[in-house]
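Chemist: Take this sequence and fold it.
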Amino acid sequence: MKKLSPQAKMICTIIIAGIVIAAGVGWFVYRAMQEQAEERFSAVALTAAHMAAEIIDGDKIEDFLLNEARDSFLSTIRLLSELQQSNNLSFLYIVRLTDDGNIQYIFDIDPSLSLEQQIARLGETADVSAEVVDMNIFIEVYRTGQRLEEVIFTDTPQWGHQASAYVPIFSSDGRVVAIACADVDMNDVIQRVRQQTVAVLAIIFGAFLLSMLFTLLIYTKGLKKREAIDNDRKRVEGELRFAKDIHSRMIPSVSRPISDKTNYDIHACIDSKRKVGRDFYDVFFAGNDLLAVVIGTVLIGNTIEEEDSDNTAMLIRNSARMFIKINATAGGAPSKVFEAANDSLYEITEENVTITAFMGYLDLSSGEFAYVNAGHSNPLVKLEEASFSFIDSQPSFALASEKDIQFKEGKIRFGAGDFLFLHTSGIYKITNESTKLVDVANNYEGKSAEGLVKVMQDYLKQHTEIVHENQDMAMLALRFIDCD
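Modeler: Numbers count the residues shown, from 1 in each chain. Here you go, the predicted structure:
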């Protein structure tokens, strides 16, 4: 066998060194991306489990099992299902520990199960060997009543990679009666992390090969640079598409009817120049004839890094919507809804994070509109065929700015054909002044909510030079047609 030449030995040495360094860097990149993914999904799981625990009334657990609170049980399933869908949870379940040491289901919100199947799960038990939960940690939470500040990461043949959070549910006498468990499926994320790690390994090893060839061929330097630039561009574009896709999925749709009632017309839109928008809106029924409309903005201080700011905005925006909706559907006036939501949000937000929001109930049977404002831009209203003007609302602090805030309500009455136009601060800033916003609205002579929104959109498109690259814009128009 011929001996290798010095040049061949050098090339082999460079290749081996490249493989070793690439493997080391690849492992570091893999762990860094995995830890980042785990941190993000930890927040989702913990927040979802906490919110599920607040939904459940611990004193009704026994009534549910005895089938003595069926209406309340069904309404709770609907709230938990919405919580599961809005947070993209793989599983959301409420279970308790039986006397014989097994797990008993109270609620099992599984997207693969029908409503009838979820109802049938009430009272079913699972043996410890079924690996429904991590029994050691589950029993610790159940017996101590202390919520875990860190989630549990598991990798099982049956479920794959899961991030799980356990939050105790208490009865009024302070006993732990059940545990709210939220599971986030991390299989796709882990698979993407592995694929990206393989890609990083390939890029690093390729860079070493290019460096070696550079000693032989000068032109490879330019090739390597172009490939690096192209990879960075694709990565940034992919991250932007991914973030905007998540954002759009979490915005409620008003393009399809949310009830069979025909005496109102509603349309909304939202546009964000950020990866993750701060604005949000919601439309739902808080009662048989009470149409609830909500709009708000998450405000984040400059001390939070941009990437952390995006993650914070997503979690707080979804939490704000959920807390408001949960308290609204449970009953109570708008002011009481904001007071309860404010206290819950105050507990989970940092000092430099607040939420401005406006909410109102339109009684479709009478036309009465009761509303409350938490530091948000005043909406426009058009009553009795008069011109648009700003609604008169009592000023108040933003949500989560401090605890135990008291909110004041206002009331007006809508007649046939009257309009309400909600907007976020971005619209106000772009129209430059309040009179301009009123003028733009009054230029609309049509009779549909969608038409009013389009007038505003057309104006904004004509003034794109003053739209800041990070400016969010959300608007919602509501037209009352007539009383039932």
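Chemist: contacts, neighbours, all on C-alpha from now
Modeler: Noted.
Chemist: what about Asp63, helix or strand, and which?
Modeler: helix 61-65 (DSSP states H and E).
Chemist: Buried residues, the next helix or strand after that helix. List them.
Modeler: Per DSSP H and E, the first helix or strand lying C-terminal to helix 61-65 is helix 70-86. Neighbour-count burial for helix 70-86, with 16 or more other C-alpha atoms under 10 Å as criterion, is recorded at Phe73, Thr76, Ile77, Leu79, Leu80, Ser81, Leu83, Gln84, Gln85, Ser86.
Chemist: any chance of the residues you listed in JSON lines, with distance to Lys411 too?
Modeler: Putting those into JSON lines (distance: C-alpha to C-alpha, whole Å) gives the following:
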{"residue": "Phe73", "distance to Lys411": "33"}
{"residue": "Thr76", "distance to Lys411": "30"}
{"residue": "Ile77", "distance to Lys411": "33"}
{"residue": "Leu79", "distance to Lys411": "28"}
{"residue": "Leu80", "distance to Lys411": "32"}
{"residue": "Ser81", "distance to Lys411": "33"}
{"residue": "Leu83", "distance to Lys411": "31"}
{"residue": "Gln84", "distance to Lys411": "34"}
{"residue": "Gln85", "distance to Lys411": "33"}
{"residue": "Ser86", "distance to Lys411": "31"}
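Chemist: Show me which of those is closest to Asp279.
Modeler: Ser86 (16.0 Å; C-alpha to C-alpha).
Chemist: Could you verify my assumption that Asn483 touches Ser365?
Modeler: Wrong residue type there; residue 483 is Cys, not Asn. Yes: with contact defined as C-alpha atoms under 8 Å, Cys483 counts as touching Ser365 (5.0 Å).
Chemist: For the helix holding Asp63, the averaged confidence score.
Modeler: Averaging pLDDT along helix 61-65 yields 86.
Chemist: same check, this time on stretch 393-402
Modeler: So the average pLDDT for stretch 393-402 ends up being 88.
Chemist: on that earlier part again, which strands or helices does the helix holding Asp63 pack on?
Modeler: In terms of contacts (3 or more C-alpha pairs under 8 Å, 6 or more residues apart in numbering; DSSP states H and E), helix 61-65 is packed against strand 103-109.
Chemist: Which SSE is immediately downstream of the strand it packs on?
Modeler: helix 115-120.
Chemist: buried set for that following helix?
Modeler: So, applying 16+ other C-alpha under 10 Å, buried residues of helix 115-120: Leu115, Gln118, Ile119.
Chemist: would TSV of the residues you listed with distance to Gly417 and pLDDT be doable?
Modeler: Shown next, in TSV, are these (distance: C-alpha to C-alpha, whole Å; pLDDT from 0 to 100):
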residue	distance to Gly417	pLDDT
Leu115	39	81
Gln118	43	82
Ile119	43	82
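Chemist: Dihedrals phi and psi, the most centrally placed residue in the chain?
Modeler: The centre of the chain sits closest to Asn318, judged by C-alpha atoms, centre = their mean, with a distance of 3.5 Å. Phi and psi for Asn318, reported as degrees, to the nearest 10, are phi -70, psi -40.
Chemist: Break the chain down into its structural domains.
Modeler: 34-188, 254-480 (automatic domain parsing).
Chemist: Go ahead and confirm Asn297 touches Phe280.
Modeler: Not quite, residue 297 is Thr, not Asn. Yes: in terms of C-alpha under 8 Å, Thr297 counts as a neighbour of Phe280; the distance is 6.3 Å.
Chemist: okay, those two: which has more neighbours?
Modeler: Thr297 (30 against 26; other C-alpha atoms under 10 Å).
Chemist: Identify the bridge partners of the more buried one.
Modeler: Judged by DSSP bridges, the bridge partners of Thr297 are Asp279, Thr356.
Chemist: Quick one: neighbours of Met51, just the number.
Modeler: 21.
Chemist: what secondary structure does it sit in?
Modeler: The three-state label given to Met51 by DSSP: H, G, I helix; E, B strand; the rest coil is helix.
Chemist: For it, which residues are in contact?
Modeler: Neighbour list for Met51: Phe323 [criterion: C-alpha atoms under 8 Å, 6 or more residues apart in numbering].
Chemist: Strands of the stretch 351-484 of the chain, start to end?
Modeler: 353-363, 368-374, 380-382, 389-390, 409-413, 419-423, 472-480 (DSSP state E, counting those that start in this stretch).
Chemist: Save those as CSV, and put in mean neighbour count, distance to Ala449 and mean pLDDT too.
Modeler: Listed next are these as CSV, based on neighbours: other C-alpha atoms under 10 Å; distance: least, C-alpha to C-alpha, whole Å; pLDDT from 0 to 100:
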stretch, mean neighbour count, distance to Ala449, mean pLDDT
strand 353-363, 24, 15, 95
strand 368-374, 23, 17, 96
strand 380-382, 22, 12, 95
strand 389-390, 19, 16, 92
strand 409-413, 15, 18, 95
strand 419-423, 24, 8, 95
strand 472-480, 24, 5, 91
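Chemist: need the contact list for the spatially closest residue to Asp155 that is not a sequence neighbour.
Modeler: Spatially, and ignoring its direct neighbours in sequence, Asp155 is nearest to His161 (4.4 Å; C-alpha to C-alpha, 6 or more residues apart in numbering). Applying C-alpha under 8 Å, 6+ apart, we find His161 in contact with Phe153, Thr154, Asp155, Asp185, Met186, Asn187, Ile190.
Chemist: okay but the fifth one is in contact with Gln162, surely?
Modeler: Yes: under the criterion of C-alpha under 8 Å, Met186 is in contact with Gln162, at a separation of 5.5 Å.
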